[in-house]
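>>> okay, sequence plus prediction incoming.
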Amino acid sequence: MFINTSDTDKLIQSILNMDLEDDQILFIMLGEKSSIDIQRLIKALNESQKDFMGGIFPGIIYDEQKYEEGAIITRLPSLERPLVITGLDTGNIQLPDLKKIIAKFDQKYAAMILVDGFSRNISGFLSLLFNNLAGSVNYFGGGAGSLSFKQQPCIFTSEGLFQDAAIISFVKLKCRLGVRHGWKRIIGPVVATKTDKNIIIELNWKKAFDVYKEIVERDSGKKITKDNFFNISKGYPFGMLKEYAETVARTPVAVNDAGALICIGEVPENSVLDILKGEVASLVNAAGQAADDCKIYEGKKVTHGFVVDCISRVLFLEDNFSLELQAVKTKFQSIEPRLVPIGMLSLGEISSCGNGFLDFLNKTIVAGILYE
Amino acid sequence: MNNSANYFREVIQEMSLLFEMALATGQSMDLRESCDLFLKRLMDRKDLVYSAVWIKDAYLTGKANQRTATLVYAFPEYLAETKKLSLDHPLFSSISEKEYLAVPAYKEEFWGLVNEKGITNGTFVLFSLDEIGVLKLFSARDNCFSNYELNQLRKVISKFAYSLKGCLSYKQLLTEIAERKKTEEALKQSKQQIADIVNFLPVASFAINLEGKVIAWNHTLEVMTDVKAKDMLGKGNYEYALPFFKKRRPLLIDLVLKPELKDLIKEDFLFFQRFNNNSMVAEIFLPDLKGKQTYLRARTAPLFDPRGRIIGAIESLRDITESKKLEKKLENARIELEEKVKKRTFELYEVNKALRSEIAERKNAEAALAEEKELLTVTLHSIADGVITTDTLGNISSINRMGEKIIGWKQDEVKDKPFASVFQILTDERMLKICDNPLERVLNQNEMTDPIRLLTKNNIRKIISANAAPIRDKKHNTVGYVIIFRDITEQKKVEAQLALSQKLKSIGELAAGIAHEINTLMQYIGDNITFLQRAIKDIVYDLMVDYKQLTNKPEDDKIFESLVRKILKKEEKLGVAYLLEEIPKAFEETLEGIEKIKKIVYAMKDFAHPGKKEMKPADINKAVEVTATISRNEWKYVAELETDLQPGLPLVYCVIDEINQVLLNMIVNAAQAIKEAHITNPLIKGKIAVTTKVDGDNVSISISDNGIGIPKKIMDKIFEPFFTTKEVGKGTGQGLAIAYNIIVNKHKGTIEVDSEEGKGTVFTIRLPINPALRGNKR
Ligand SMILES: Nc1ncnc2c1ncn2[C@@H]1O[C@H](COP(=O)(O)OP(=O)(O)OP(=O)(O)O)[C@@H](O)[C@H]1O
Ligand SMILES: [Mg+2]
């Protein structure tokens, strides 16, 4: 359900009108421009004894449109109430005891994950989660937060509104995922010879910015400075090499005074990187491909068609972004004609593609079909 | 792009993998972190599902003989199921000869390698981590690693293996350091314990560690040296010698750790001894310890930690100056004496030379005698028994202190007096007869066990045990006698008391009499019952049958008459008239007997209540009856006992058992006095009368007898303990003494005696009805 309003009361009323089965929770995606009073929302939902999880995103997706305002609410059958994991700003993350939940796994369900997209240790968290659950679930989700790049509390459950945290819900539905970005290598390899989590300090033993600047300026023909950095860098992400799969993209979003590049997502030291370049066609194509990857056998009851689309793709594609959503919708509806894509524009994407471990993705579109 | 560019790109890509992996090794000294950094990177690049590092336990624990391996790292751990494997497991055996091995699922061996959850298809890749273990990788693909890739990885992984070895030895190092820290901590702790113990020692003590630093310096030593522990603890370089020698130098304590130092300091030891357990004792002289010349006795021993390793030494110091001084004095005296003896010997020698031998001999003998006598006196005075020595005639030559104390005469008073005049043995109290040859008496007494009644100078009776023997000289001539005696009055008192209390508890000596009493009654009852049994049988079973026929009224008069005749005949034969007269009497007597037994039994019960010693209102009349009943056997053969008890006598506040005891003794005394009288005049009809009556605030009980009476001259003695005129075994002389104690002292009553020799005696006891009231009135 898409509710195009910024009025908290109206939103609450609409939500309260939704009937929930015993095992269902509400999944709420809010556009960051909707000036919703989250605390009031939480209170009202708690009073009505509804379980829920949600996040505030730079934008939300409904059908083939993105919105910066409004809310998308959907019901998800759940194994447990959503779990909140805090402390993602530290290296010391404590997972709750998952044994009880693991005991309920009678097939491979979907784990819906929302994280504060600006937390410093998302990779650590995902690695820890994967260490504990491995391939027993399909991971699916993304980073919440504001496009202002200012970190603030942005994900919530009945327990409150959180920052530097993650929320997981184990959804009692099967799931098929497609993960693509479509960014193409223009040059490489460069080596991230010195990094600190999401900050690349050196490339090829030189100041990271100097190396990046030289390559990007040569390709784009534009001067790149601190001030116009993101305007240009959003078109030139890094790609971390991965065999058998697409590179994992990392977008540098800013340069600091020391000439280091600040990225979304962690870049391990000594990673061998490519520098990628975006083209409208390849990105739109990748989106369609991702949705197409979700193809399932006919005769299944499809309940949800999710899209987690990186906000950087919007920023890069600008007006062409609608093409990407159209491509997704077309593919989804070839699977299930009445399926309306819903989703969010994210700060980082989460998906277990293939068998390998869970990475925090960037500049990527994750499409997911949930079915019974 | 052209081919060469593609080729270039491919090579770069391959090399970049090596580059990344190579740089990912050795990033941490921590085993797990090392694995994490390296393997996650590898898994990421190669899209692996699972990686695990197995290390042989021998390398983890340092114990070479272990035949197992441990899973030290697995990612994701979710998949790992086994954490321990034998080295015989295919995981190790299959790769023992190789550097690496890829086993896809379609090969049989694949399944032997599975110890993870939910693995169905794919490939295991094993790399040997040198000799320390195995790296196990799993990919869901079955064609994941081509041979050249494996070859490529082999090198990086051998670097990885090296880095793991580094981690292991680092870990070992850490454990070793931790172990050493622990040992050091334990050492510190045991040192602390030692310090604590030393501080508690009452002897001045201090302890040093292996470096010769002071680790304990106790309070006593602080006092001895005027050096505080806080100024001494932790100091080394022989600082602890300063208070003693005013300079730094080894002390006895240092010999524990460095025996070779002995040569350096042995000069100072007045005395030195080393024991087997490596402890040592020495004595030293300090010219100036706190300004005084001091002798110290030092004892030192090694200190051990809990594992038995030497960790230092302890020394204790005792100030022996005083005993040294004494020793010195003694030594001086000895020397002086020796000098004197030498001189005297010389003089004697000179004298002897001048004297004739016989004179010299006599002199010697005299001296020897005198010496012996001297010795004897000393001995006699110090022994705990009384000792009197006499000459052959029995004149006293000496009496020791204890002897003086017992008989009450002083040595000066008795010297040369006849033994018999001093040592008065009472043979007959009644007559106040004194043994005229006590010496003979005690000489004949071969054992000291028989008690002798002794009258002291002050006419106090004492019970003693005594023995005597002749004194013989070397030629076996009797030169005198020695009499040894001991005061056993107290002992006898205690014995008597004991006997008495036993008497009270079990009605002791009365028991036999009572038993006899009851037995007599029982026999009497038995006789009566037998008579009754026979009589009733005759009458009921014999005559009744006939009488029955009579009541049936036979028609025939003849029959009737003959029946009557038969009955009359039978009646005569059985003595029915007599029986009818005697039967009621027999019944009466039987009942009487039973009544008497009942009385005795109740009396017994009432006479003594074991353990009850409390003052309670009690019926004195009942007490008299009870006691009379109980003691019946004591008097019934010699006297009649009459009681005249005032009816309605008020209850007396008393310990009734004790009153019973007094009455008993009085009645027994009375009976015994009558028995005595019977010796001279068997025709006297013995009579004991007990009367009770109210007498003002008192109840008076008088016990009178017509026995021998009490002579005037012993009248004032009868209440004395152990005064008795009765033969040994019959009387102990305690009865009246106890009676006095009970009536006068305890119950605040009085006892009066009125007696005339040959006529009889009346004892009158007065008991205040309430002794407490009497006390208040006065
Ligand atoms: N009723 C008496 N008639 C004559 N002499 C008596 C009478 N009562 C006591 N005595 C004299 O007083 C002495 C002391 O009596 P006491 O009862 O103290 O001692 P005991 O009768 O000799 O010995 P015990 O009572 O200890 O068996 C008696 O030995 C006796 O000489
Ligand atoms: Mg008596």
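Okay, I see it. Everything numeric here is computed off the predicted structure, so don't read it as measured data. Ligands and ions are numbered 1, 2, ... in the order given.
>>> residue contacts, the residue of the stretch 201-350 of chain B found nearest ligand 1?
Minimum separation of the stretch 201-350 of chain B from ligand 1 (CB to the nearest ligand atom) falls at residue B:202, amounting to 57.8 Å. C-betas here are computed from N, CA, C, even on glycine. Residues counted as contacts of residue B:202 (CB atoms under 8 Å, 6 or more residues apart in numbering or on different chains) are residue B:220.
>>> and it, that one's in a helix?
No - going by DSSP: H, G, I helix; E, B strand; the rest coil, the assignment for residue B:202 is coil, not a helix.
>>> tell me the pLDDT of it.
The pLDDT attached to residue B:202 in the predicted structure is 72.
>>> try residue A:65
pLDDT, residue A:65: 93.
>>> residue A:197 now?
84.
>>> and it, its phi and psi?
Main-chain torsions, residue A:197, degrees, to the nearest 10: phi 50, psi -110.
>>> quick check: it vs residue A:269, distance?
Taking CB to CB, to the nearest Å as the measure, residue A:197 falls 10 Å from residue A:269.
>>> then residue B:639?
For residue B:639, the distance to residue A:269 (CB to CB) stands at 131 Å.
>>> now chain B against ligand 2: closest residue?
Minimum separation of chain B from ligand 2 (CB to the ion) falls at residue B:735, amounting to 2.9 Å.
>>> quick one, what contacts residue 289?
Just going to use chain A. Contact analysis of residue A:289 by CB under 8 Å, 6+ apart lists A:178, A:180, A:182.
>>> hmm, no, I was thinking of chain B.
For residue B:289, the contact set (CB under 8 Å, 6+ apart) comprises B:224-225, B:243-244, B:296.
>>> redo these as TSV? Include distance to residue A:58.
Putting those into TSV (distance: CB to CB, whole Å) gives the following:
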residue	distance to residue A:58
B:224	86
B:225	84
B:243	84
B:244	87
B:296	91
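>>> just the ones in helices from the residues you listed, please.
B:224-225, B:243-244 (DSSP state H).
>>> show me what from chain A comes close to chain B.
A:127, A:130-136, A:188-189, A:191, A:240-245, A:268-272, A:354-357, A:359 (CB under 8 Å from any CB of the partner chain).
>>> now, of those, which are buried?
In these, burial by neighbour count holds for A:127, A:130-136, A:188-189, A:191, A:240-242, A:268-272, A:354-357, A:359, counting by 16 or more other CB atoms under 10 Å in any protein chain shown.
>>> return the subset of those lying in strands.
Among these, the members falling in strands (DSSP state E) are A:188-189, A:191, A:240, A:271-272, A:359.
>>> for the residues you listed, which one is nearest ligand 2?
Nearest member of those to ligand 2, counting by CB to the ion, is residue A:359, at 119.4 Å.
>>> how does chain A divide up, domain by domain?
A:2-180+A:282-371, A:185-277 (automatic domain parsing).
>>> nearest to ligand 1, of those domains?
Of all the domains of chain A, domain A:2-180+A:282-371 sits nearest to ligand 1, with 93.6 Å by CB to the nearest ligand atom.
>>> all strands of the stretch 151-300 of chain B, in order?
In the stretch 151-300 of chain B, the strands defined using DSSP state E, counting those that start in this stretch lie at B:204-209, B:214-217, B:269-274, B:280-289, B:292-304.
>>> oops, could you answer that again for the stretch 51-200 of chain A instead?
With DSSP E, counting those that start in this stretch as the criterion, the stretch 51-200 of chain A has strands spanning A:52-57, A:59-62, A:65-67, A:71-77, A:83-86, A:109-116, A:137-144, A:155-157, A:160-162, A:165-171, A:174-180, A:184-192, A:194-196, A:199-203.
>>> between those, which gets the lowest average pLDDT?
strand A:184-192 (a mean of 87).
>>> just the CA trace of that strand, in PDB.
What follows is strand A:184-192, C-alpha atoms only, in PDB (Å, rounded to 0.1, in the frame of the first residue of the first chain):
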ATOM      1  CA  LYS A 184      31.700  -0.900 -16.500                       C
ATOM      2  CA  ARG A 185      35.400  -1.000 -15.900                       C
ATOM      3  CA  ILE A 186      37.300   1.800 -17.500                       C
ATOM      4  CA  ILE A 187      40.700   1.200 -15.900                       C
ATOM      5  CA  GLY A 188      42.400  -1.000 -13.500                       C
ATOM      6  CA  PRO A 189      43.700  -2.500 -11.500                       C
ATOM      7  CA  VAL A 190      44.500   0.100  -8.900                       C
ATOM      8  CA  VAL A 191      45.400  -1.100  -5.500                       C
ATOM      9  CA  ALA A 192      43.900   0.300  -2.300                       C
END
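>>> that one: how far from the chain's middle?
24 Å (CA atoms, centre = their mean, to the nearest Å).
>>> what does stretch B:250-269 give?
The answer for stretch B:250-269 is 47 Å, by CA atoms, centre = their mean.
>>> hmm, who's touching stretch B:120-129?
Here stretch B:120-129 makes contact (CB under 8 Å, 6+ apart) with B:49, B:53, B:55, B:91, B:94-96, B:98-105, B:110, B:113-114, B:134-145, B:150, B:153-154, B:157, B:160-161, B:164.
>>> ok, residue 268 - contacts?
As the question left the chain open, I've gone with chain A. A:192, A:195, A:240, B:41.
>>> not what I meant, chain B
Going by CB under 8 Å, 6+ apart, residue B:268 touches B:284-285.
>>> gap between it and chain A?
Separation of residue B:268 from chain A (CB to the nearest CB, to the nearest Å): 66 Å.
>>> cool, residue B:713 as well?
Distance, residue B:713 to chain A, using CB to the nearest CB: 111 Å.
>>> any part of whatever helix or strand that residue lives in near ligand 1?
According to DSSP states H and E, residue B:713 maps onto helix B:712-715. No - Helix B:712-715 is not in contact with ligand 1 by CB under 6 Å from any ligand atom; minimum separation 6.7 Å.
>>> need the residues that contact whichever helix or strand comes after that helix.
Sequence order places helix B:735-740 as the next helix or strand after helix B:712-715, per DSSP H and E. Outside helix B:735-740, the residues that touch it by CB under 8 Å, 6+ apart are B:500, B:661-662, B:665-666, B:668-669, B:718-723, B:751.
>>> could you do stretch A:192-209 as well?
Applying CB under 8 Å, 6+ apart, the contact partners of stretch A:192-209 are A:120-121, A:123, A:190-191, A:211-212, A:238, A:250, A:252, A:255-256, A:258-273.
>>> please repeat the previous calculation with a cut-off of 6 Å.
Residues outside stretch A:192-209 that contact it (CB atoms under 6 Å, 6 or more residues apart in numbering or on different chains): A:120, A:190-191, A:211, A:255, A:259-263, A:266-267, A:269, A:271, A:273.
>>> just the buried residues of that stretch, please?
Neighbour-count burial for stretch A:192-209 [16+ other CB under 10 Å]: A:192-195, A:197-203, A:207-209.
>>> end-to-end on that stretch?
Length of stretch A:192-209, first residue to last, CA to CA, to the nearest Å: 11 Å.
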